[in-house]
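S.K.: Turn this into a structure:
(2 chains)
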Amino acid sequence: DSGVTQTPKHLITATGQRVTLRCSPRSGDLSVYWYQQSLDQGLQFLIQYYNGEERAKGNILERFSAQQFPDLHSELNLSSLELGDSALYFCASSPTWGPTNIQYFGAGTRLSVL
Amino acid sequence: DAKTTQPPSMDCAEGRAANLPCNHSTISGNEYVYWYRQIHSQGPQYIIHGLKNNETNEMASLIITEDRKSSTLILPHATLRDTAVYYCIVRGYTGANSKLTFGKGITLSVRP
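M.R.: Here you go, the predicted model:
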């Protein structure tokens, strides 16, 4: 158990809909990262938050947004969903940021868009 | 961050050592080598990381060559539960971004 909690584990929805994925980081971790894993793109970094502020952005679509709340949990919002958004979404956390900070991953949310 | 090259797959017998190679010929002096693994579709699991010295923990050993252009992850006594995709990642200070850049990894199959 990494200590990172993601809910829900599975989500099935229809095209055009909006969903929210939730992540609770390990106790004490200030950084939260979101990654997407699809069959054709592999594991890709989406966005990072540090202590409530956006710190870095990766290949995140404009239809996707995220935030980190004062209690440090984070939510990833996906809107106007398309079939191609079906993927595993992972959240990771680390104490601060930088290459010496180990990222610990949650079990992921499997999103199926029908 | 420097790019890494790993063979697509390898196998080893249960109980034997598994030596997973990784090339990172463009690595720079302040970049770290990280190894993660992903068992089936579970979340990636941290294994070990290092800068230039060899490192060992309860899971594995990391051997980095003197020129730092390649490294080897060693699982000393592989078990069936070690069957997974193993990712070698080079990670440095790229401004505010401390993301992990995952490649295709190497699929390790441990056979009975």
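
S.K.: do you know how far the residue most central in space within chain A is from A:L43?
M.R.: The centre of chain A sits closest to A:W34, judged by CA atoms, centre = their mean, with a distance of 3.1 Å. Separation of A:W34 from A:L43 (CB to CB, to the nearest Å): 11 Å. Placement of C-beta: from N, CA and C, glycine included.

S.K.: Against A:A92, how distant is the closest residue to A:L43 other than its chain neighbours?
M.R.: Distances taken as CB to CB, 6 or more residues apart in numbering or on different chains place B:F102 nearest to A:L43, at 3.9 Å, with adjacent residues excluded. Applying CB to CB, the value for B:F102 to A:A92 is 11 Å.

S.K.: Between these two, point out the one with more neighbours.
M.R.: Taking other CB atoms under 10 Å in any protein chain shown, B:F102 and A:A92 do not tie; A:A92 has more neighbours (28 against 20).

S.K.: thinking the more buried one is in contact with A:Q6, fair?
M.R.: No - when contacts are counted by CB atoms under 8 Å, A:A92 is not listed as touching A:Q6 (10.0 Å).

S.K.: In the chain, what residue spans correspond to strands?
M.R.: Just going to use chain A. Remark: strands assigned in chain A by DSSP state E are A:5-7, A:10-13, A:19-24, A:31-38, A:42-50, A:53-57, A:64-68, A:74-78, A:87-94, A:104-105, A:109-113.

S.K.: that's the other chain; I wanted chain B
M.R.: Under DSSP E, chain B gives strands at B:9-13, B:18-23, B:32-38, B:45-50, B:55-56, B:61-64, B:70-75, B:84-91, B:106-111.

S.K.: Would you mind putting those into a markdown table with distance to A:L76, mean pLDDT and mean neighbour count alongside?
M.R.: Below are these laid out as a markdown table (distance: least, CB to CB, whole Å; pLDDT from 0 to 100; neighbours: other CB atoms under 10 Å in any protein chain shown):
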| stretch | distance to A:L76 | mean pLDDT | mean neighbour count |
| --- | --- | --- | --- |
| strand B:9-13 | 32 | 96 | 13 |
| strand B:18-23 | 30 | 98 | 19 |
| strand B:32-38 | 20 | 96 | 22 |
| strand B:45-50 | 21 | 97 | 18 |
| strand B:55-56 | 33 | 97 | 15 |
| strand B:61-64 | 32 | 98 | 19 |
| strand B:70-75 | 31 | 98 | 20 |
| strand B:84-91 | 22 | 95 | 23 |
| strand B:106-111 | 28 | 97 | 17 |
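
S.K.: got the ones you listed as TSV, with distance to A:A87 columns?
M.R.: Putting the strands of chain B into TSV (distance: least, CB to CB, whole Å) gives the following:
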stretch	distance to A:A87
strand B:9-13	23
strand B:18-23	26
strand B:32-38	14
strand B:45-50	19
strand B:55-56	32
strand B:61-64	30
strand B:70-75	27
strand B:84-91	16
strand B:106-111	20
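
S.K.: Relative to A:T20, which of those strands is closest?
M.R.: strand B:32-38 (24.6 Å; CB to CB).

S.K.: ok so, going back, give the residues shared as contacts by A:W34 and A:L43.
M.R.: A:F90 (CB atoms under 8 Å, 6 or more residues apart in numbering or on different chains).

S.K.: Close to chain A: what parts of chain B are there?
M.R.: B:30-32, B:38, B:41-46, B:49, B:87, B:91-93, B:95-104 (CB under 8 Å from any CB of the partner chain).
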